[in-house]
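**Q** Kindly generate the corresponding structure for this input.
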Amino acid sequence: MENIKPARKRIRLKDKTAYYVHGQAVHLIIHFVCSDSETLTASQIITSKITDISSEFNIDVYAYSVMPNHIHLLILQTPEFGAIEFVKYLKGRCVSGFRQAILAVKFQKSFYDHILRSDEDIKSVAEYIIANPVRSGITQTTGEHPFSESLYYDL
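**A** You can find the predicted model right below:
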């Protein structure tokens with residue numbers, strides 16, 4: 001008897017414009033897998049690509065934090081460039097960088113997103129993201145982690 005897997009559930013709406021409200025901040029979490037020896041180089045590549053995409057497409061990156069197995073991002077969506085486009089470009093450019101550096105880093109297929117409500121303070125969410133390495137025990141203070149930064153606020 002053949003073992004047939006059920007169809008995978010769709011986790012995104014078909015019409016992205018119904019969900020992604022332009023001009024709103026969105027908190028993204030993107031998971032990846034790499035060996036301990038590859039973490040530093042992978043983090044450098046990811047950080048570089050975040051800043052490149054932000055500059056190239058004029059996207060406000062309120063905060064980012066590259067952790068050993070995931071990335072936190074807080075960006076402002078625009079009519080031309082939403083969360084899906086940002087993640088697509090980030091993953092694509094990182095994979096290219098990983099190949100050049102001969103790293104076996106793999107991204108999870110999907111990602112987590114949370115559009116901030118109007119009553120949520122963008123700066124406090126950015127501070128939360130910047131403090132992530134402290135909460136996880138990677139660093140003692142927020143300024144120590146080289147892969148956490150705000151490209152918008154002076155935190």
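**Q** Now L40: which helix or strand?
**A** helix 39-56 (DSSP states H and E).
**Q** Spatially nearest residue to D36 (excluding sequence neighbours)?
**A** Spatial nearest neighbour of D36, excluding adjacent residues (Cβ to Cβ, 6 or more residues apart in numbering): P68 at 7.9 Å. Every residue, glycine included, has its C-beta placed from N, CA and C.
**Q** Show the contacting residues for the one you found.
**A** Contacts here follow Cβ atoms under 8 Å, 6 or more residues apart in numbering; on that basis P68 touches D36, T39, I138.
**Q** Just the buried ones from these, in ChimeraX syntax?
**A** Here is the ChimeraX command that selects the buried residues among the contacts of P68 (16 or more other Cβ atoms under 10 Å):
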select :39
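**Q** so where is the chain shaky, pLDDT-wise?
**A** For the chain, the stretches with pLDDT under 70 are 1-3, 5-22, 119.
**Q** And the helices in it?
**A** With helices called from DSSP state H, the chain shows them at 39-56, 83-100, 122-130, 132-135.
**Q** how far out from the middle of the chain is the first one?
**A** Using Cα atoms, centre = their mean, to the nearest Å, the distance from the centre of helix 39-56 to the centre of the chain it belongs to is 10 Å.
**Q** Equivalent analysis for stretch 111-126, please.
**A** On Cα atoms, centre = their mean, the centre of stretch 111-126 falls 13 Å from that of its chain.
**Q** mind listing what's buried in that stretch?
**A** F111, D113, L116, I122, V125, A126.
**Q** And for stretch 47-65?
**A** T47, K49, I50, I53, S54, I59, V61, Y62, A63, Y64, S65.
**Q** circling back to that earlier point, reformat the contacts of P68 as CSV; add distance to A104.
**A** Converted to CSV, these look like this (distance: Cβ to Cβ, whole Å):
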residue, distance to A104
D36, 12
T39, 12
I138, 22
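**Q** Which one of the contacts of P68 is nearest to N132?
**A** I138 (8.4 Å; Cβ to Cβ).
**Q** got the contact list for the closest residue to L76 other than its chain neighbours?
**A** Here the nearest residue to L76 in space, its sequence neighbours aside, is D60; by Cβ to Cβ, 6+ apart that works out to 4.0 Å. When contacts are counted by Cβ under 8 Å, 6+ apart, D60 touches S54, I75, L76, L151, Y152.
**Q** and if you look at D52?
**A** R93.
**Q** now stretch 112-132, how far from the centre of its chain.
**A** With Cα atoms, centre = their mean, you get 13 Å for stretch 112-132.
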